[in-house]
Structure formats: structure tokens, C-alpha cells
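# Could you look at this predicted model? Sequence included:
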Amino acid sequence: MKKKAKKYNDATVVNSKLIRRPIQRWFPLFVLPTFICFIIGFVWPFIQGIYLSFCTFNVPKDAKWVGMDNYVKAFSDASFGHAFWNTAGFAVISILVINLFAFAIAYALTQNMAGANLFRTVFFMPNLIGGVVLGYIWSMIFDAILKKYDTYLTANATYGFWGLVILVAWQQIGYMMIIYIAGLQAVPGDMLEAARIDGANNWQTLTRIIIPNIMSSVTICTFLTLTNSFKMFDQNLALTGGAPSVIMNGAKVNMTELLALNIYSTYNINKNWHGVAQAKAVVFFLLVAVLAIAQLTATRSKEVQQ
């Protein structure tokens, strides 16, 4: 009689000692090149940047320790405070606009709409265009519209601010829409069917079944829009460049300048402000990290475990 061949499922094969031993023995050899690149390209520059924030320098090798002077100058700079509040307001509005529109479009495109795949592609395409290109394209569009009223985008801080909101929303809504579609498609069908049997209307199904089940998508999209809003640089530079400018407390303040552009502008004032710009960058990193962690903690606590 022939011996029956033993059948192994995939999990048994992967967990076999014959497979795991070579992986455990040789994985450091394969991980080492990537780890070295990570140290050289990220960890060391990050540590060096923190050190330089306490120094005055033109190039890093000429750095001279000045202690907390750079941080004192950074927090006493009127333009930095204005850029912070500008960025905070921009982030709040962008999070609301992008996520509300992205969810609404995703919800509509998952309702067996004709041509849904075509619409998904069209809405996603703006995300493929670079920020600088978008900035210049939208500046021409806005100026063409505002020309009818004998003004232009950078002549008014309100125009510039809302121009940035429109640009970023147009660029990012399609990307967030894809994430929301993935979440909506993962909602258990038996829960939706049970809700219909129990007589729940569309609004009750949306608020009590769908939204609680896609909180993981909400977490991801909120995190991305929050961090992208605070880190936005190229669109701000290309669309308004921070203009218009006013004199505030004896200092020049760019009214539509966000934090990332403010750090860039500070570095280019003169070589004596390189350390101040680096100090602003460290504060900027801590701010974004704290906000991102707080947001993740708040939204993850509301996620439904399936």
C-alpha cells in the first residue's frame, strides 16, 4: 500500500523550523544595508539638526554653541507666531473640508452608481500632480477670476488663505476618497442587512452602523490631512509665496505664510538666522508629533473591533 502523503497547510509550512532557522540566522545580513541607510539618511541628520538648533552657523562644521538664544529669537519672532495660528486655522478647515467631501463622494460611489470606476479615477487624478505645478496653475486660475474685480490673489490675505484651502482640498479629496471607499467596502454586509430588517432608515444606518465601522479609515484620513496641512510647503510657496506682507511689531510678516514656509524664509534671511530657522524646525517637529499622537489616540479609541 502506498503511504498517504502528509498534507501541510500554508501556516504549517511557514512556521516550520526548516524555514524559520535560515531566516533567523541570515535576516541581519539583509536588514543591515537598509538599517545603515536609515541611520545615515534620517537618524544622524535628525540628531545633528537638534544640535544645530543650539548653535549659530553658516555651514554645520562652523557651528558655535549659543545655548537657548535661537529658541528665544524664534518665539519672539512675530512672523513665527502668525504662521503658527495661520497653519492651525488652515489645518482645522482643511481637515473638515477634505474629509467631509471625501467621505460624501466615497459613499456616493459605493451605492452602485453607473460609471463609479471612472469617477474614482477622475477624482483621484489631481493627487498625481506635483504641489508646485498645482500652485502655479491655480494662481493663474484665481488671478483670472479676480481680475474681473480689479484685484489679484496675493493682494488680499483672505483670498490667499482660501485659495490655499481650495487648492489642497482639490488635490487631496480624491486620495482620501480611496481610503474611505476601502473602509465602506469592508463594512459587514450582515450588519447592514440586519439594520434594514429592523427598519433602520438611511440616516440611522449611516450614523449607527457605517460610520462606527469605518473609524479606522477616519483615523487614517484625519492623520494624513492633519500632518499634510502642517507640513505643506510647495503649494504655499508656489501659490502665494506668503504674500501679502505687512509690518507687525517692527517685523515683516507674510500674511499667508504657513509654518514650513516660515522656516524656509527664516533660513534665507541671512547666515546669522540659520540657527533660528533650525530651532523653529525642532519646535515644528515637536508640535506636529504631539498633535498627530493626540489625534491618533482620540480617534483609535472610537474604532469598532470587528
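Thanks, I have the structure now.

# Mind telling me what element residue 230 is part of?
Element membership of residue 230, judged by DSSP states H and E, is helix 215-231.

# Can you dump the C-alpha atoms of that helix in CSV for me?
Extracted C-alpha coordinates of helix 215-231, given in CSV (Å, rounded to 0.1, in the frame of the first residue of the first chain):
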residue,chain,number,x,y,z
MET,A,215,-13.5,54.7,12.1
SER,A,216,-10.1,53.1,11.2
SER,A,217,-10.4,54.9,7.8
VAL,A,218,-11.4,58.1,9.6
THR,A,219,-8.3,57.7,11.8
ILE,A,220,-6.0,57.3,8.8
CYS,A,221,-7.6,60.2,6.8
THR,A,222,-7.6,62.6,9.7
PHE,A,223,-4.0,61.8,10.5
LEU,A,224,-2.9,62.3,6.8
THR,A,225,-4.8,65.6,6.4
LEU,A,226,-3.6,66.9,9.8
THR,A,227,0.1,66.2,9.1
ASN,A,228,-0.1,67.3,5.4
SER,A,229,-1.7,70.6,6.4
PHE,A,230,1.0,71.4,8.9
LYS,A,231,3.8,70.2,6.6
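
# what's the offset of it from the middle of its chain?
Distance, stretch centre to chain centre, for helix 215-231: 6 Å (C-alpha atoms, centre = their mean, to the nearest Å).

# Report the buried residues of that helix.
215-230 (16 or more other C-beta atoms under 10 Å). (Each C-beta comes from the backbone N, C-alpha and C, glycine too.)

# What ranges does the stretch 101-250 of the chain have for its strands?
Taking DSSP state E, counting those that start in this stretch to define them, one finds strands in the stretch 101-250 of the chain at 245-248.

# Touching, residue 58 and residue 274? I think so.
Yes - with contacts defined as C-beta atoms under 8 Å, residue 58 counts as touching residue 274 at a distance of 6.6 Å.

# out of these two, which sits in the busier spot?
Each of residue 58 and residue 274 has its neighbours counted (other C-beta atoms under 10 Å); residue 274 has more, 22 against 12.

# Show the contacting residues for the more buried one.
The contact partners of residue 274, by C-beta atoms under 8 Å, 6 or more residues apart in numbering, come to 52, 56, 57, 58, 267.

# how about a cut-off of 7 Å?
Taking C-beta atoms under 7 Å, 6 or more residues apart in numbering, we find residue 274 in contact with 57, 58, 267.

# Can you list which of these are found in helices?
Judged by DSSP state H, helices contain the following of the contacts of residue 274: residue 267.

# what about the closest residue to residue 136 other than its chain neighbours, distance to residue 36?
Excluding the flanking residues, the one nearest residue 136 by C-beta to C-beta, 6 or more residues apart in numbering is residue 238, at 5.3 Å. As for residue 238, its distance to residue 36 is 35 Å (criterion: C-beta to C-beta, to the nearest Å).

# Among these two, which residue is more densely surrounded?
Neighbour count, other C-beta under 10 Å: between residue 238 and residue 36, residue 238 has more, with 19 against 10.

# Hmm, the more buried one is touching residue 138, no?
No - counting by C-beta atoms under 7 Å, residue 238 does not reach residue 138; the two are 8.5 Å apart.

# roughly how far apart are residue 299 and residue 162?
Using C-beta to C-beta, residue 299 is found at 27 Å from residue 162.

# Which residues outside stretch 245-265 are in contact with it?
Outside stretch 245-265, the residues touching it (C-beta under 7 Å, 6+ apart) are 77-80, 82-84, 86-87, 90, 157, 160-161, 164, 230-233, 236-237, 240, 242-244, 277, 280-281, 284.

# Give me the mean pLDDT for that stretch.
Stretch 245-265 shows a mean pLDDT of 90.

# Between its first and last residues, how far does that stretch reach?
13 Å (C-alpha to C-alpha, to the nearest Å).

# for it, which positions count as buried?
Across stretch 245-265, burial judged by 16+ other C-beta under 10 Å covers 245, 253-265.
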